[in-house]
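**Q** Got a predicted model here, sequence first, then my questions.
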Amino acid sequence: MSLPYNITPRKNPQNRQADSLYYAFAVSRGTITLEQLLDAICADTTLSRDEARMAVNRLFKKAEEYMSLGFNVHLGELGYMHVTMKSDGVAAPEDATANMITDIVPRFVFGRKIRKNIKEIPVERTTR
């Protein structure tokens with residue numbers, strides 16, 4: 001299977017007078033739900049749907065718990081989860097408080113093997 005893409009024209013934000021350039025973007029074939037993913041896991045293993053659901057749910061619940069304590073959660077070749085923060089700046093360190101934090105964002109970084117495999121997927125232009 002190939003990864004579908006299409007093209008779109010975009011203006012240069014620094015030079016609106018310049019001609020548009022065409023850029024590729026990934027096109028989604030749709031959405032795979034948790035239920036569909038569980039069915040696929042069960043088809044490849046001896047796990048029941050309830051066992052697979054419990055394992056997935058516990059994985060993410062425990063990951064959330066550990067990230068809330070400040071840990072990065074490594075999942076082997078899959079990658080790792082961590083938390084980043086955005087904040088307003090202050091002139092002096094003594095002025096820094098928790099109130100300057102404007103956002104706390106959970107992140108997932110895919111492992112090297114997955115990133116490499118995704119980059120090697122053939123692509124195919126689509127009209128969608």
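**A** In hand now; what should we look at?
**Q** Quick one: residues in contact with stretch 88-108.
**A** Taking contacts as Cβ atoms under 8 Å, 6 or more residues apart in numbering, the residues outside stretch 88-108 that touch it are 64, 67, 79, 80, 81, 82, 83, 84, 85, 86, 87. C-betas here are computed from N, CA, C, even on glycine.
**Q** one more time with 7 Å, if that's ok
**A** With contacts defined as Cβ atoms under 7 Å, 6 or more residues apart in numbering, stretch 88-108 is touched by 67, 79, 81, 82, 83, 84, 85, 86, 87.
**Q** go on, stretch 40-52?
**A** Counting by Cβ under 7 Å, 6+ apart, stretch 40-52 makes contact with residue 38, all of which sit outside it.
**Q** returning to that earlier point: in JSON lines: the contacts of stretch 88-108, plus secondary structure and pLDDT.
**A** Formatted as JSON lines, the contacts of stretch 88-108 follow (DSSP: H, G, I helix; E, B strand; the rest coil; pLDDT from 0 to 100):
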{"residue": "67", "secondary structure": "helix", "pLDDT": "97"}
{"residue": "79", "secondary structure": "strand", "pLDDT": "97"}
{"residue": "81", "secondary structure": "strand", "pLDDT": "97"}
{"residue": "82", "secondary structure": "strand", "pLDDT": "98"}
{"residue": "83", "secondary structure": "strand", "pLDDT": "97"}
{"residue": "84", "secondary structure": "strand", "pLDDT": "97"}
{"residue": "85", "secondary structure": "strand", "pLDDT": "97"}
{"residue": "86", "secondary structure": "strand", "pLDDT": "97"}
{"residue": "87", "secondary structure": "strand", "pLDDT": "97"}
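**Q** In the residues you listed, find the pair that's most separated.
**A** Spatial extent of the contacts of stretch 88-108 (Cβ to Cβ) is set by the pair 79 and 87 at 25.4 Å.
**Q** what about residue 49, how many neighbours?
**A** Applying other Cβ atoms under 10 Å, we find 12 residues neighbouring residue 49.
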